[in-house]
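[1] Build me a model:
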Amino acid sequence: MVEKKAIVTGLSVLAGLVTVIIVLRVFDGSPPNVTFSMPFDVVGSKTTLRLHVEDMRTGLKSVSVTIEQGGERYVIADKKFEDPRWYTIWKGGSEKQFTLDLIPYANREIPRKEGDATLIIRAEDYSWRHLSRGNRQDVVHEFRAKFRAPRLERLSAHHVINQGGAELVRYRVSGDAVHHGIEVEKLFFPGYPVSKNDGYFAMLAFPFTETKHIPIFLVARDEAGNQSKIPVSYDLVKKIWRQRQINIDDRFIDRTVHPLIAQSADIDETGHPVSDFLAANTTLRNITNQRLAEIVKDTRPQQLWSGAFLQLSNSQVQALFADRRDYYYNGEKIDTKDHLGYDLAATQNAPVEAGNTGVVIFAGDLGLYGNSVIIDHGYGLQSLYGHLASFTVGLEEEIVKGEIVGYTGSTGMAGGDHLHFSMLLHGQQVNPIEWWDRRWVKLHIEDRL
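    Predicted coordinates for the structure are as follows:
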């Protein structure tokens with residue numbers, strides 16, 4: 001009797017399992033899901049095809065991916081998944097997901113023919129629907145194959161570039177380019193259309209730290225990732241930057257550094273003079289530069305300035321662009337930094353004029369620079385006015401050349417009343433002396449535009 005009950009119980013469990021199998025496998029009417037992880041609309045030789053296929057119920061049976069063009073079909077992937085074994089049959093196939101991540105046209109067996117083409121994806125699962133053939137998902141995706149890079153031509157003549165300076169390059173590029181401009185090592189400077197003539201231009205900043213002739217390229221890339229790249233020939237005028245020794249004493253730390261730390265949420269006072277100075281001169285400087293990099297991304301795609309820039313009226317130069325400063329405390333060298341701008345001193349609380357016409361993109365506290373105003377002059381060109389006692393302009397205010405924007409002071413990391421003046425080009429500091437020079441502005445900027 002016990003044995004008979006066991007048999008009946010076993011048969012009941014088996015019947016229940018069969019019922020579960022039938023429910024899970026026969027009534028699974030959902031085909032595999034296919035999703036693209038990135039666009040695949042305009043495709044070039046370096047375009048990645050990234051797609052994901054999944055069937056979380058009865059599992060994947062097969063996935064095939066082909067490209068069809070001009071009546072020919074080319075196999076990209078053809079994957080078959082293992083049949084479920086009898087003891088796992090209730091779960092279906094073991095593979096529930098499949099990811100394809102490859103560059104189709106890196107395979108030279110697929111002809112690189114431009115024009116319309118079709119991507120065909122077929123995915124099947126292990127459902128018992130449709131007479132055990134399973135559910136099938138067919139995805140047909142139209143795309144355009146493009147392998148020719150944009151046409152690119154340099155229009156401006158040979159260039160002379162100052163170390164730490166700027167330069168403007170004229171060029172012509174075909175309309176299929178979606179990204180174009182100038183590369184200087186890892187830096188990129190975007191191009192803009194010339195308003196009164198054909199073609200484009202880009203202004204570059206040459207690194208003040210670079211003493212050697214480095215490659216400069218005009219680049220253009222289309223939406224398929226095809227890229228043209230041609231060199232820009234130039235002569236480099238090397239500069240010798242000054243080496244300055246700055247002595248730091250406890251009076252400066254108490255009067256300047258500690259108040260700066262107290263009003264900063266990013267650094268704390270340690271009680272040790274050298275540590276406090278380094279926290280301000282290094283940590284806060286880095287934080288300030290990061291904020292500055294974000295602020296100066298706000299630029300207008302048009303020229304707002306006109307002619308040379310103004311230097312602070314009746315001012316004397318106290319520090320130059322790219323001065324290498326060695327800081328000493330009690331006769332011991334504790335830090336080294338580069339000064340990127342001009343320090344200009346006039347009378348105390350002297351009115352500060354806008355160097356040129358533009359739009360205010362920042363007016364407030366800027367860490368190491370203290371009270372500051374930044375004016376955008378268009379095309380990525382901006383001027384910064386730091387250490388102000390106060391400022392008289394607001395965000396988004398339109399400013400004309402010579403208009404008063406504030407008054408000199410000693411806010412931030414300043415040892416006395418003066419103006420810190422900087423020029424930036426797409427976030428890179430450049431030597432202001434060029435932009436104060438009418439002849440340089442005419443020859444290198446205005447004549448080329």
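[2] So what touches stretch 251-270?
    Residues outside stretch 251-270 that contact it (CB atoms under 8 Å, 6 or more residues apart in numbering): 273, 276-277, 279-280, 283-284, 287, 365, 367-368, 410, 412-415. Glycine gets a C-beta too; all of them are placed from N, C-alpha and C.
[3] let's see it at 10 Å
    The contact list for stretch 251-270, computed with CB atoms under 10 Å, 6 or more residues apart in numbering, reads 246, 248-250, 272-284, 286-288, 291, 329, 365, 367-368, 370, 410-416.
[4] Give the PyMOL command for selecting the buried subset of the residues you listed.
    Entered in PyMOL, the line below selects the buried ones among the contacts of stretch 251-270, by 16 or more other CB atoms under 10 Å:
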select buried, resi 246+248+273+274+276+277+278+279+280+281+284+287+288+291+329+367+368+370+410+411+412+413+414
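[5] Sitting in helices, which of the contacts of stretch 251-270 do you find?
    Among those, DSSP state H puts 250, 273-278, 286-288, 291 in helices.
[6] Distance-wise, check residue 185 relative to residue 381.
    20 Å (CB to CB, to the nearest Å).
[7] now swap in residue 201 and tell me
    Distance from residue 201 to residue 381, counting by CB to CB: 12 Å.
[8] intersection of neighbour lists for these two?
    Common neighbours of residue 201 and residue 381 (CB under 10 Å, 6+ apart) are residue 445.
[9] So what are the sheet partners of whichever strand or helix holds residue 219 and their directions?
    Per DSSP states H and E, residue 219 falls inside strand 216-222. Paired with strand 216-222 in the same sheet, following DSSP bridges, are strand 177-184 (antiparallel), strand 227-231 (antiparallel).
[10] Distance from the shortest one to the middle of the chain?
    Same thing as strand 227-231. The chain centroid and the centroid of strand 227-231 are separated by 20 Å under CA atoms, centre = their mean, to the nearest Å.
[11] what's the next helix or strand after it in contact with?
    With elements assigned by DSSP H and E, the helix or strand that comes after strand 227-231 is strand 234-237. Outside strand 234-237, the residues within contact range by CB under 10 Å, 6+ apart are 158-165, 167, 169, 204, 206, 210-214, 216.
[12] Can you select the buried ones among the residues you listed for me in PyMOL?
    Buried members of the contacts of strand 234-237, defined by 16+ other CB under 10 Å, are picked up in PyMOL with:
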select buried, resi 159+161+162+163+164+165+167+169+204+206+216
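[13] Just the ones of the contacts of strand 234-237 in strands?
    159-162, 167, 169, 204, 216 (DSSP state E).
[14] any chance of those residues in TSV, with distance to residue 56 too?
    Formatted as TSV, these follow (distance: CB to CB, whole Å):
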residue	distance to residue 56
159	60
160	65
161	59
162	63
167	58
169	55
204	52
216	53
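[15] Farthest-apart pair in these, please.
    Greatest spatial distance in the ones in strands among the contacts of strand 234-237: 162 and 169, 14.8 Å, computed using CB to CB.
[16] Mean pLDDT per helix and strand in the protein: which one sits at the bottom?
    The weakest-scoring helix or strand in the chain, judged by mean pLDDT, DSSP states H and E, is helix 2-21 (a mean of 53).
[17] what's the next secondary structure element after that helix?
    Counting by DSSP H and E, what follows helix 2-21 is strand 33-36.
[18] contact partners of that next one?
    Under the criterion CB under 10 Å, 6+ apart, residues 49-56, 63, 65, 97-98, 100, 119, 121-123, 137-139, 141 lie in contact with strand 33-36.
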